[in-house]
Structures are given as C-alpha cells and as structure tokens.
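Participant: need a 3D model of the following:
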Amino acid sequence: MHLPLLQDILILLGFSVVIVFVLQKLKLPSIIGFLLTGVIIGPYGLSLINALEQVEILSEIGVILLLFVIGMELSIKQLVSIKKTFFIGGFFQVGITVAVAALVYHLLGYPWNESVFVGFLFSLSSTAIVLKTLQDRQQISTPHARNALAILIFQDIIVVPMMLITPMIAGESTNIGMSILSLLLKSGIVLVLTYISARYVVPRLMHAVAKTNSKELFLLVTITLCFAIAFFTSVAGLSLALGAFIAGLIISESEYSHQATSIILPFRELFTSFFFVSVGMLLDLNFFLNNIPVILLLLLVVLIVKSSITAAAVAILKYPTRTVLLTGLSLFQVGEFAFILSKVGIEYNLLSAETNQYFLSVSIVSMILTPFVIIFSEHIAKWIIGVSKKLGLGRTLVSEKDKAEIVDHTLQNHLVIIGYGVNGSNLAKAAGASNISYVVIEMNANTVKREKAKGIPIIFGDATQDHILETVGLSNARAAVIAISDNFATRSIIKNIRSHSNSIYLVVRTRYVKETSELIALGADEVIPEEFETSVQIFTHVLQNFLVPEDDIDQLIEKIRADNYQLFKGELKRPITYRPSEVADFNITCLRISADSNKFLGKPLMELNLRVKYGINILAIKRKNEMLESIQPDEIIKQGDIIYIQGNQRKIEQFHKLIK
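Facilitator: Here you go, the predicted structure:
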C-alpha cells in the first residue's frame, strides 16, 4: 500500500535532518534549516513534495501548538512586571510600524485597506527565532531581551485581533458597526469563560488528573483541552489561533503548567518544523533571483525603519542607549505569525500574488539573517554610539546607567530540591532558616497544592524534562539535591542535570550503598545511602557548600532532632564545603565566633600565629554586615565574627572545638 503523504514526510524530515545538522555545527537556529529545507524541496525548488495540502494541515497543527505553548508560558504575574514595555512599547512599535508601512504602500498607488494590511504584516517579528537565539547566547535575562520579550508577546496577542478585523477592512462586512459589536461581544464572552475556566474548572480537573500519576492521561487531557478550546472558538467565528492561545493561558494559571509545557514541547517542535518548512515552500526561487536588487533594497529599508521604530518605542520608556539599540536590532525581522496572517489577506484579496512574493522573500531572508544580526548587535550598537558621539547627536556617551544595567530578577545562586518527602522538606526548612533561595520540583499533585498554599516555592513537574529544569533556573543554581526514592528516575535526572550544567554541586539520596558508585559515575558529587545516612547529613552537605556557619548548622541539627527525627546512624562526619581542586587537604569553611572570651579574642592575628600553631589560614572575616577581605596581620578577632578559614579538615575540626 503506497501512501504519498508518508513519502513526503520522509523526504521532508530527511532533508531537515541533514540541513539542521549542518546548521547546528555552525551554531545557527534550527528554524533557518527548516526554511531552507522548504525552499529546496518545495514546488519552486526540486519539487519533491506532492501532498502540499496535507503538509499544510500538519503545519496548521504546529501553529495551534505554538500558540498553545506561548499561552502556557505567559504568566500574568510576569506580564505585570514588564507591563510598561508590553503596553506602551508594544503598542508604539506595532502602531507606528503599521502607520509607516501603510503610508509608504499607499504612496505607491495602492488602496488604503491593502496598505493597512501590509502594515499589519511588517509590524510582526519572529518570537521563535529571537528568543531561541537570545537563549542560546545566554542573554535571555538581559534588559534588551526582556524588552524584546514584552514586545513580542504584545505582537503575538495583537495578531489575533488583526486576523479578526481583516474581513472588515476587506469590505466583506456590510455593517462594520455590527461586526465590531459582534466581535466585542464574542471577545467578552470568551474572556468571561476564560476567567471561569482558569479560576475554577481547569485547576480542579488538572489536579484530579495529576493525582492519578498517569503521564499518558495527563498528556491526553492537555492535548484535548488545547484542541477543544481551539475548535469551539473557531465555531464561534473567532480563530483557531485565538482558541489555542486561550487554552494555554487557562492552563498557565494552574500549578501544572510547567509539566504540561514540558510534555507538549516535543510535539510542538515536530509540528512547527512542518510549519516553517511549508513557509519555505512558498518562496518562488525564480522570482527571488530575478528581483534580488529590489528585495535586498526592501530588506535594508525594513531593517533600518523597523529597528528605528522599535528602538524609539523602548527609548520613550527611558531605557539606556545600549539597551535601546540592542532591542531594536533584535526585532528587525518579519515573523512567523505574519505568514499566517498573509494567508488570511490572500483569502480576502488584500494581497496580490506579486506583493505576496516580495513579502515572502523579504520575510524569509530577514529571518535567516536574524541570528547574525543579534550576534553582531553589540558591535553595531557600539559603532552607532561612536558615530553619534562624533556627530554630536543625541545621547552620545554610554552613561553609568548603561553600564549598570540590572538583569531580570530570576533565581541566581540558589538551591534546587527535587522531591518533597521527608528529606526534601527538611532541606527546604534548613534552606529557609538560612536565608538561602530555593525552589522545589515535585510530582505529587496533593503535595504541590498543599505546600504552594503555604507559600513554599514549589512547582509540579518531572525533573527528567528539560523544560522543568529550565523553569527552575538550573543553569544559574549553585546546588541541587535529588531526594526521591526511585533509582531509575534518579539516574535519568542526574543525566539531565549534567546535560544542563557540569559545575552545579549535586547531592543524591539513594537507598543502598551498592548504587553509590554508579550514581557518582553518572555525575553526582555526593551520594548519601539511606543505609548509613539521614536527611540531616543531606542538608549539612548543602548548607556547608553555601558556607553557612557551623554553629548555625548545629542548631538546625538539634532542632530536627527535637522534632523526633532521629534516623541518622553513626557519628556525623562533616564533608568539605568547597573543593576548587583535587587537592585533598584544601578545604574552605566558615565558623562563627560565639564565645565571649577565649584566647583568640582581642589579639592581633600575628600574635596568634594560627597557620603555624593550628594549621589554618583566615581568608576573610564577616563583621556585622561588612566583609573584610583583605586581612592584615594586626587585625583582631571579635565576638560575633564569622571567619572564613582554609586548611586540613582535621585541623579545622580541632580549631572549631577550641573557639567554642
């Protein structure tokens, strides 16, 4: 039995694999590879694809899943934190771009309705390519990336109203007033249903499903919600894209959004690849080659005009010069949602075949160039600032505000706890008592709901999923603890963590000593078998890694024991707290001087001669809120000081007893 679609999918995926593999070697985004694949195998290239309609259907699924994931990743609270850039910057960028593009197109002799629609197309940028490139370059938390994200989210949302009013500007509606009223009424109903679903219905449904611990059921329910809501909004006369976005937004308000996103991402990546390939297929190579001068001129105009408008949108919010320029350069391209919108315009005769080919050529080339522009944006911004300085124009110098840009307030140098059983919860209490930022990953729905209500920073998710680790900022974390009892899952999580970070301090709990060597070989720094150790030892390892004073740790141990947690066996042997090299005797820890009198207080360090007598070196002293890093021989140790010392572990233990 011959299936033409299966043959076409094999060709599409085969070419994609080869081209994307080459681009990955060049450290370029996969999306560029999909676009090039479409150009090569499409009807204007090698004409290898026959079932074009079926491929377009698959690409539509990709668009639905793309908007669904955007909705799930869009937190209302996060949106509030960048609301000025979102509302003011986004509205200014889209509005001015539409106005400028429409005016230019109208001056070329085209009617106003077509001109406004062309303005719609060129006002949109590529969320997928921009965020992927910024993420790969580890710039996603920078000020210009936050601004770009806010404007991109505004564009992703505004494209839905653009699609809804396109029939009106095409003259398909005889009564524009009634059409607008109908649109507002439908939108109002959708907003009310969205609020009710997000607040009362979906969280309860997802909680009930999560309690079953069935990943298959969780996946089915998530997909069903996406397509069901998309279908009903389509039946109501709105759009599939709007429904998919609303479905994602509804789920985003529950504590299960991170896990839902992680299981949807592989499907989204697959189907959006069909979308970008289908976009590449639309490009007429003969038209492109015959009109290269005009296309390149249009591309240059789009780059300059759109970057300038975006930069102006950010400048009115009083951001530094460098941030303004970098944001503008990031969003110069025409994005993926413009292709979706262009199909609507063709349907309503707002876009001629020739204009559409010019639009496709400029858009696809701009998307291909985006990673290169972002890579060189720092140099371009520096050059522009230098030129403006020479010409005496505008803000000529990078101010101190430019130099001291504040990155996003994401978790930094924090602790990630995987599993919230007895070990995980005790570790969380210890971290909280020591003012250490932490976040918990847990798969028990009841536990997540209960602890979240108490204010514990906990998310529902599977730590074997990349997206979950990205959500808790693993690459910025200082330490991670795997405190679950499933050895198979533990091994998978260790591999996943090490694929994200080789430097993070990783402590693993296991049941049996025989499993220790395997887990260390996989990448664990410390493995604590239940046969010998306890949760007391787990949080002791971690707190010492964070250089919490030993006395504070002792108090926490006593508190846990007072709560009848006495599972530990044998004498507690303190691990080294910092290991910058493989030298066994090089240990760094910190001790609090709590005694009000002993032979060390009130005497200069040169008299104490600690290195010779006790085998330790004082590296720094924290006195009240001041850190003394340059220790002089005449420095005096005072009560309440926290001293940071280095030496042999046995010597450190002896010195600790002396100062107590």
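Participant: for this protein, longest helix please?
Facilitator: Of all the segments assigned as helix in the chain under DSSP state H, the longest by residue count is helix 143-169.
Participant: from Thr510, how far out is Glu378?
Facilitator: In this structure, Glu378 and Thr510 are 46 Å apart, going by C-beta to C-beta, to the nearest Å. C-betas here are computed from N, CA, C, even on glycine.
Participant: likewise for Thr97?
Facilitator: Between Thr97 and Thr510 the distance, using C-beta to C-beta, works out to 57 Å.
Participant: go on, Glu216?
Facilitator: Here Glu216 is placed at a distance of 28 Å from Thr510 (C-beta to C-beta).
Participant: higher neighbour count, those two?
Facilitator: Thr510 (23 against 9; other C-beta atoms under 10 Å).
Participant: OK, contacts around that one?
Facilitator: With contacts defined as C-beta atoms under 8 Å, 6 or more residues apart in numbering, Thr510 is in contact with 487, 490, 516, 519, 527-530.
Participant: now with 7 Å?
Facilitator: With contact set as C-beta atoms under 7 Å, 6 or more residues apart in numbering, Thr510 has these partners: 487, 490, 516, 519, 527, 529-530.
Participant: quick one: buried residues of stretch 299-309?
Facilitator: Counting neighbours by 16 or more other C-beta atoms under 10 Å, one finds that the buried residues in stretch 299-309 are 299, 302-303, 305-309.
Participant: kindly report the same for stretch 604-622.
Facilitator: Within stretch 604-622, the residues that qualify as buried are 605, 608, 610, 614, 616, 618, 621-622, counting by 16+ other C-beta under 10 Å.
Participant: which of those residues sits closest to Ile368?
Facilitator: Proximity of the buried residues of stretch 604-622 to Ile368 was ranked by C-beta to C-beta; the top entry is Lys622 with 52.8 Å.
Participant: strands paired with the helix or strand where that closest one lies, and their directions?
Facilitator: Following DSSP states H and E, the helix or strand that holds Lys622 is strand 616-623. Looking at strand 616-623 with DSSP bridges, its partner strands are strand 626-628 (antiparallel), strand 642-647 (antiparallel).
Participant: after the helix or strand of the chain with the lowest mean pLDDT, which helix or strand is next?
Facilitator: Of all the helices and strands that make up the chain, helix 400-403 has the lowest average by mean pLDDT, DSSP states H and E, namely a mean of 41. Where DSSP H and E defines the elements, the next helix or strand beyond helix 400-403 is strand 415-418.
Participant: what residues does that following strand touch?
Facilitator: Applying C-beta under 7 Å, 6+ apart, the contact partners of strand 415-418 are 424, 427-428, 431, 436-441, 463, 472, 474, 477-484, 493, 542.
Participant: now do the phi/psi pair for Gln412.
Facilitator: Torsion angles at Gln412 (phi, psi; degrees, to the nearest 10) stand at phi -140, psi 140.
Participant: output the host helix or strand of Ser234 as PDB, restricted to C-alpha atoms.
Facilitator: Secondary structure assignment for Ser234, by DSSP H and E: helix 215-235. Extracted as PDB, the C-alpha positions of helix 215-235 are listed here (Å, rounded to 0.1, in the frame of the first residue of the first chain):
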ATOM      1  CA  LYS A 215       1.700  10.600  32.300                       C
ATOM      2  CA  GLU A 216      -0.400   9.300  29.400                       C
ATOM      3  CA  LEU A 217      -3.700  10.600  30.900                       C
ATOM      4  CA  PHE A 218      -2.000  13.900  31.700                       C
ATOM      5  CA  LEU A 219      -0.800  14.300  28.100                       C
ATOM      6  CA  LEU A 220      -4.300  13.300  26.700                       C
ATOM      7  CA  VAL A 221      -6.100  15.800  28.800                       C
ATOM      8  CA  THR A 222      -3.700  18.600  28.000                       C
ATOM      9  CA  ILE A 223      -3.900  18.000  24.200                       C
ATOM     10  CA  THR A 224      -7.700  17.600  24.400                       C
ATOM     11  CA  LEU A 225      -8.100  21.000  26.200                       C
ATOM     12  CA  CYS A 226      -5.900  22.600  23.600                       C
ATOM     13  CA  PHE A 227      -7.900  21.300  20.500                       C
ATOM     14  CA  ALA A 228     -11.300  21.500  22.200                       C
ATOM     15  CA  ILE A 229     -11.000  25.200  23.100                       C
ATOM     16  CA  ALA A 230      -9.400  26.000  19.700                       C
ATOM     17  CA  PHE A 231     -12.300  24.200  18.000                       C
ATOM     18  CA  PHE A 232     -15.100  26.000  20.000                       C
ATOM     19  CA  THR A 233     -13.600  29.400  19.400                       C
ATOM     20  CA  SER A 234     -13.400  28.600  15.700                       C
ATOM     21  CA  VAL A 235     -17.100  27.500  15.700                       C
END
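Participant: what's it in contact with?
Facilitator: If you take C-beta under 7 Å, 6+ apart as the criterion, helix 215-235 is touched by 64, 68, 190, 209-210, 239-240, 242-244, 246-247, 251, 260, 263-264.
Participant: okay, buried residues for it please.
Facilitator: Judged by neighbour count (16+ other C-beta under 10 Å), helix 215-235 contains these buried residues: 218-219, 221-223, 225-227, 229-230, 233.
Participant: what are the buried residues along stretch 542-559?
Facilitator: Residues of stretch 542-559 classed as buried: 542-546, 548-553, 556-557 (neighbour count, 16+ other C-beta under 10 Å).
Participant: out of these, list just those in helices.
Facilitator: The helices, defined by DSSP H, take in 542-545, 550-553, 556-557 from these.
Participant: now flag whichever of the contacts of helix 215-235 is closest to Ile538.
Facilitator: The closest of these to Ile538 turns out to be Ala210 (C-beta to C-beta; 26.4 Å).
Participant: roughly how far apart are that closest one and Val472?
Facilitator: Note on Ala210: its distance to Val472, by C-beta to C-beta, is 18 Å.
Participant: Pro549 too?
Facilitator: If you measure Pro549 against Val472 using C-beta to C-beta, the figure is 27 Å.
Participant: ok, now Phe600?
Facilitator: 42 Å.
Participant: more neighbours: which of these two?
Facilitator: Val472 (26 against 20).
Participant: and the angle from the helix holding Ser234 to helix 143-169?
Facilitator: Between helix 215-235 and helix 143-169, the angle comes out at 40 degrees (axes from the mean of the first three to the mean of the last three C-alpha atoms, to 10 degrees).
Participant: and helix 215-235, how far out from the chain middle?
Facilitator: Averaging C-alpha positions (C-alpha atoms, centre = their mean, to the nearest Å) puts helix 215-235 24 Å from its chain's average.
Participant: could you do stretch 160-173 as well?
Facilitator: Chain-centre distance of stretch 160-173: 34 Å, with C-alpha atoms, centre = their mean.
Participant: cool, and stretch 110-127?
Facilitator: For stretch 110-127, the gap between its own C-alpha mean and the chain's C-alpha mean amounts to 30 Å (C-alpha atoms, centre = their mean).
Participant: returning to what we had before: so which of the contacts of strand 415-418 belong to strands?
Facilitator: For the contacts of strand 415-418, membership in strands holds for 438-441, 479-482, with DSSP state E as the criterion.
Participant: show me where the stretch 501-650 of the chain has strands.
Facilitator: Taking DSSP state E, counting those that start in this stretch, the strands of the stretch 501-650 of the chain run over residues 505-510, 526-529, 587-592, 616-623, 626-628, 642-647.
Participant: what's the mean pLDDT across the fourth one?
Facilitator: Read that as strand 616-623. For strand 616-623, the per-residue pLDDT values average out at 86.
Participant: just want the angle from it to strand 587-592.
Facilitator: 40 degrees.
Participant: ok, residues contacting strand 616-623?
Facilitator: 588, 605, 610-611, 627-629, 631, 638, 641-647, 651-652, 655.
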